[in-house]
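Q: Next comes the sequence, and after it the predicted model I'd like to discuss.
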Amino acid sequence: MTPKRPSLPTAQPPRREGPGPLALSAIALVALAAVASGCGGGGDRSGGAAASEVVVGEYGSLTGQTAAFGSQTHRGIELAVDEINAAGGVKGRTFRLVTEDDQSKQEEAATVVRKLISRDKVIALLGEVASSCSLAAAPIAQEAKVPMISPSSTNPKVTLVGDYIFRVCFLDDFQGHAMARFCFNTLGARKAAILRDIRQDYSVGLANFFAEEFARLGGQVASDQSYSSGDSDFKAQLTAIRAAGADVLFVPGYYNDVGQIAIQARDLGLTIPLTGGDGWESPTLLAIGGKALEGCYYSNHFDPSSSDPTVANFFRKYSDRYHEAPGALAALGYDSAKLLADAMTRATDITGPAIRGELAATKGWAGVSGLITMDQNRNPVKPLVVLQIQDGKISLRETIQPF
């Protein structure tokens with residue numbers, strides 16, 4: 001069964017540039033041959049772009065299973081690009097954003113990134129949300145020496161692909177360890193249960209990191225259960241968890257499954273708090289889970305209620321433009337584009353190697369999702385927030401700094 005996905009608010013359709021479908025195959029073949037022979041990424045990639053433009057590629061899941069995430073990210077990137085251009089661009093050149101939909105598919109992510117590099121001659125790439133899609137495309141960007149910034153792929157393997165691959169989100173090891181500490185120290189839990197999605201690398205990895213840290217702290221994982229994306233009946237797993245006598249349940253899944261799990265847990269009389277990761281983040285989380293999610297907690301990249309002027313300004317602009325409150329995915333998309341522009345401004349020239357060098361040198365850059373300093377593996381050292389669901393609202397419970 002395919003998991004239910006919420007309908008999305010109408011957003012400005014992404015811009016797609018380039019030749020029509022009849023001419024594309026011949027042009028792509030020639031361009032791909034050029035990339036294969038070593039031409040392109042490291043030097044001038046202006047291609048057919050006007051001298052006053054910088055072509056930036058975005059690839060994301062605008063349709064398919066993770067479209068709710070991809071669409072939010074696209075809006076954040078779109079808002080940032082428009083602000084960059086309104087301020088005069090970078091070194092007198094405006095951004096031209098070329099967006100491709102990878103349909104939430106790994107193989108399509110690889111295809112569209114090849115297209116963006118060979119056909120559109122992009123100088124840099126923004127994407128993807130899902131770690132699996134980022135891992136499919138990152139080797140292509142690395143080979144072409146085109147800097148790539150993932151807004152929200154949290155799997156540690158993503159940036160290990162190569163030195164041209166970056167991200168603006170925290171990693172799953174930090175997230176899993178942080179939530180274990182929150183459950184043990186803040187909630188006082190000593191026996192935890194886990195319910196993981198075995199079809200998602202994200203969920204499996206996050207569950208492992210949580211279990212590792214919870215045990216190190218002196219806690220016990222009393223029950224470790226699993227399900228598969230799209231399942232609709234979780235009663236057997238929840239019954240086993242109830243029998244184990246756990247103090248807290250860690251569910252590192254995606255929002256659409258989490259809502260149903262919460263409802264069925266409460267129906268079975270399981271009253272312990274549910275906790276989870278950033279996969280819970282969605283405008284429809286509470287619409288799905290409702291009152292069953294009261295007293296639950298999840299980690300996230302962004303506190304929309306923050307009084308920080310950078311956050312408040314972003315919240316106002318995004319809300320005015322799209323008539324909805326921005327979530328973490330929008331904030332991370334916005335930060336990825338703004339960080340790219342900042343690195344280009346600092347670079348000696350607008351080429352892949354020069355931009356890569358300045359991205360790697362980023363220290364104390366103030367983004368909407370927090371201060372970012374890149375470590376040696378091109379991952380940001382930044383804080384995490386724990387959000388609580390109380391009285392039908394989501395608010396900040398705790399901020400956890402990098403260990």
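A: Received, thanks.

Q: Could you check how far residue 285 is from residue 366?
A: Separation of residue 285 from residue 366 (C-beta to C-beta, to the nearest Å) stands at 28 Å. For every residue, glycine as well, the C-beta is placed using N, CA and C.

Q: which element is the residue of the chain positioned farthest from its centre on?
A: Centroid-distance maximum for the chain: residue 243 at 35.1 Å, with C-alpha atoms, centre = their mean. Using DSSP states H and E, residue 243 sits within helix 235-244.

Q: can you list the weak-confidence ranges in the stretch 301-403 of the chain?
A: The model of the stretch 301-403 of the chain has no residue with pLDDT under 70.

Q: What segments of it are strands?
A: Using DSSP state E, counting those that start in this stretch, the strands of the stretch 301-403 of the chain run over 365-367, 370-374, 380-381, 384-390, 393-400.

Q: closest to residue 271 out of the ones you listed?
A: When the strands of the stretch 301-403 of the chain are compared by C-beta to C-beta, strand 384-390 sits nearest residue 271, at 14.4 Å.

Q: partners of that closest one, with directions?
A: strand 297-300 (antiparallel), strand 393-400 (antiparallel) (DSSP bridges).

Q: most tightly surrounded among those?
A: strand 297-300 (a mean of 26; mean count of other C-beta atoms under 10 Å).

Q: the domain parsing of the chain - what is it?
A: 21-169+309-382, 172-300 (automatic domain parsing).

Q: In a markdown table, list those along with distance to residue 392.
A: Formatted as a markdown table, the domains of the chain follow (distance: least, C-beta to C-beta, whole Å):
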| stretch | distance to residue 392 |
| --- | --- |
| domain 21-169+309-382 | 15 |
| domain 172-300 | 7 |
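
Q: Where among those is average confidence lowest?
A: The weakest mean pLDDT among the domains of the chain belongs to domain 21-169+309-382, with a mean of 89.

Q: Which one of the strands of the stretch 301-403 of the chain lies nearest to residue 188?
A: Counting by C-beta to C-beta, residue 188 lies closest to strand 393-400 out of those; the figure is 13.7 Å.

Q: Between strand 370-374 and the closest one, find me the angle.
A: Strand 393-400 and strand 370-374 meet at an angle of 40 degrees, taking axes from the mean of the first three to the mean of the last three C-alpha atoms, to 10 degrees as the criterion.

Q: What's the local residue count around residue 286?
A: 18 (other C-beta atoms under 10 Å).

Q: For it, give its distance to residue 258.
A: The gap separating residue 286 from residue 258 is 11 Å, by C-beta to C-beta.

Q: any common contacting residues for the two?
A: Shared contacts of residue 286 and residue 258 (C-beta atoms under 8 Å, 6 or more residues apart in numbering): residue 293.

Q: contact partners of the helix or strand containing residue 142?
A: Using DSSP H and E, residue 142 sits in helix 131-144. Helix 131-144 is contacted by residues 35, 40-41, 59, 61, 102, 104-107, 109-110, 112-114, 117, 125, 127-128, 147-148, 150, 153-155, 157-158, 161-165, 201-202, 352 when judged by C-beta under 8 Å, 6+ apart.

Q: Buried residues, the helix or strand harbouring residue 83. List them.
A: Using DSSP H and E, residue 83 sits within helix 67-86. Applying a neighbour-count criterion of 16 or more other C-beta atoms under 10 Å, one finds 67-81, 84-85 buried in helix 67-86.
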